[in-house]
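Participant: Got a predicted model here, sequence first, then my questions.
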Amino acid sequence: MKKTTLFRKLIKNPQILQLPCCHDGLSAKVLEQAGFKAIAAAGYGLSGSLLGMPDMGLLTGSEMIAQYKNICDAVNVPVFVDIDTGFGDVQNVIRAVRDCQKAGAAGLFIEDQTYPKRCGHMEGKSVVQAEEYLPKLKAALWAREDPDFVITARTDAHAVFGLEEALRRATLYARTGADMVFVEALSTPDEMRRVNRTLQELDTPSMANMIEGGKTPLLSAAELQNLGYSVAAYPCGSVFTATKALQGWAAHLKSHGTTAGYLDRMLTFDEYLEFMGAHEMRDREKQFRTPGRGPESNE
C-alpha cells in the first residue's frame, strides 16, 4: 500500500492517530522503532536541529524539503510535513506541494499566518485574511498529483481573533476541500470539543497539537479522541528530549573529564551500529565484493 493511501486510512480510522514529530533522520528512526504507525516533521524541530534557532520562519522552503526527503528515506512509515505559509504566493505553494510529494511525504499542512510565521504557541502571531489564504489552499489541493496525498489547512486565528473566527475559518477551509483541519493553540477542552463538533458535521478530520508547556492542555490520546480528534501531533517532544539529554552528557563530560560514569544513559558503540543498520549494509557490501556474485534484486 502506498504511504499516502495508508496515511489517509489512518486519519479516517476511528482510533486516534498519534503523530510524534521527529527533527532529523535519526529521531525519525527512533519513532519508527517505537512502533508509531506514522510520524511527522515540522518547522519547530527542524529550525532547532538544522539552524540552532527558534521556529520563527527562518528556514527556507528548500532547506525544509531537503530534510523531509532525508527523513522519508530513513523510515518506512508515512511522514506528514509542514510547509509553513507556503514560502510565497500560489506558485510557490504549488512548487512546495509537488516537491514534498517527490520527497516521499504522505501529506502536509499549510497555515494562515503572516510571513514570517512563528511557532503557534508563541506570542505575537498574526494571520492573513481568510480570503488571502484560500488561494494558497486551493493551489495546494490542485497541485497534488497523488489523490491520496493529504492536504491539511491550519488556522492560527484563535490567538488573534478568538474562537468564533477560528470556527469560521475552520468551516471555510473544510468546505474548500481540505482533507483535515488543524485549529492551533486552543486553550480549553470545551473549545476543542466545539471545534471538533463543527468539523464532524462537515465530515472533516481534526488534528490536535500537544506541546509541552504550550497553550493547549496536555491531554492523553484517549482524552483527545473523546473530544473528537482524529489525529494528535507532538511537535516538540523529540527536540526537547534530545536537547535535555545532550545537556546532561555535555555537563557530565565537562565536570568529570570523561563519560565513563555516564555510559548507562548512552547506547554502546555496537548498539548504535545495530540501530542504524550498519551490519546489514556491511553484509550487502560483501555480496558485491564476492567474485561472480551480487545481491539479489529487490524487484
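Facilitator: Here it is on my side, so go on.

Participant: tell me the contacts of Thr243?
Facilitator: Each residue near Thr243 by Cβ atoms under 8 Å, 6 or more residues apart in numbering is listed here: Gly48. From N, CA and C alone the C-beta is placed, and that goes for glycine too.

Participant: Next one: it from Asp84, what distance?
Facilitator: In this view, Thr243 and Asp84 are 22 Å apart by Cβ to Cβ, to the nearest Å.

Participant: State the phi and psi torsions of the nearest residue to Gly107 once chain neighbours are set aside.
Facilitator: Among residues not flanking Gly107 along the chain, Val150 sits closest, at 2.9 Å (Cβ to Cβ, 6 or more residues apart in numbering). When read as degrees, to the nearest 10, the backbone of Val150 gives phi -90, psi 120.

Participant: my read: Val150 touches Lys9, true?
Facilitator: No - because the distance of 10.5 Å does not satisfy Cβ atoms under 8 Å, Val150 is recorded as not touching Lys9.

Participant: higher neighbour count, the two?
Facilitator: Between Val150 and Lys9, counted using other Cβ atoms under 10 Å, Val150 has the larger neighbour count: 23 against 14.

Participant: how much space is there between the more buried one and Thr176?
Facilitator: Taking Cβ to Cβ, one finds Val150 at 15 Å from Thr176.

Participant: How about Thr290?
Facilitator: In this structure, Thr290 and Thr176 are separated by 58 Å, where distance is defined by Cβ to Cβ.

Participant: The two - which one has more neighbours?
Facilitator: For the pair Thr290 and Thr176, the greater number of neighbours falls to Thr176 (14 against 9), based on other Cβ under 10 Å.

Participant: Sticking with the closest residue to that one other than its chain neighbours, tell me its helix or strand.
Facilitator: Leaving out its chain neighbours, the residue that sits closest to Thr176 by Cβ to Cβ, 6+ apart is Leu137, at 5.6 Å. Counting by DSSP states H and E, the element that carries Leu137 is helix 130-143.

Participant: next helix or strand past that helix?
Facilitator: strand 150-155.

Participant: Excluding its own residues, what touches the helix or strand just after that next one? List them.
Facilitator: If you walk from strand 150-155 toward the C-terminus, the next helix or strand you reach (DSSP H and E) is helix 157-161. Outside helix 157-161, the residues within contact range by Cβ under 8 Å, 6+ apart are 112, 120, 125-127, 130, 165-166, 169, 183-187, 191, 215.

Participant: what about whichever strand or helix holds Ala208, average pLDDT?
Facilitator: Of the helices and strands defined by DSSP H and E, Ala208 is found in strand 207-209. Averaging pLDDT along strand 207-209 yields 97.

Participant: For that strand, buried residues please.
Facilitator: Going by neighbour count (16 or more other Cβ atoms under 10 Å), the buried part of strand 207-209 is Met207, Ala208, Asn209.

Participant: Given it, what are its sheet partners and their directions?
Facilitator: Sheet pairing for strand 207-209, assigned by DSSP bridges, gives strand 231-234 (parallel).

Participant: Run the chain-centre distance for the strand it pairs with.
Facilitator: Chain-centre distance of strand 231-234: 9 Å, with Cα atoms, centre = their mean, to the nearest Å.

Participant: Phi and psi next, for Gln113.
Facilitator: In this entry, Gln113 is assigned phi and psi values of phi -70, psi 160 (degrees, to the nearest 10).

Participant: Make sure it is actually in contact with Thr85.
Facilitator: Yes - taking Cβ under 8 Å as the definition, Gln113 is a contact partner of Thr85 at 5.7 Å.

Participant: Now do the strand holding Ala208: distance to the chain's middle.
Facilitator: 11 Å.

Participant: after it, next one along is what?
Facilitator: Moving on from strand 207-209 towards the C-terminus, the next helix or strand you reach (DSSP H and E) is helix 221-226.

Participant: now the residue nearest to Gly107: how far from Val81?
Facilitator: As defined by Cβ to Cβ, Val150 lies at a distance of 10 Å from Val81.
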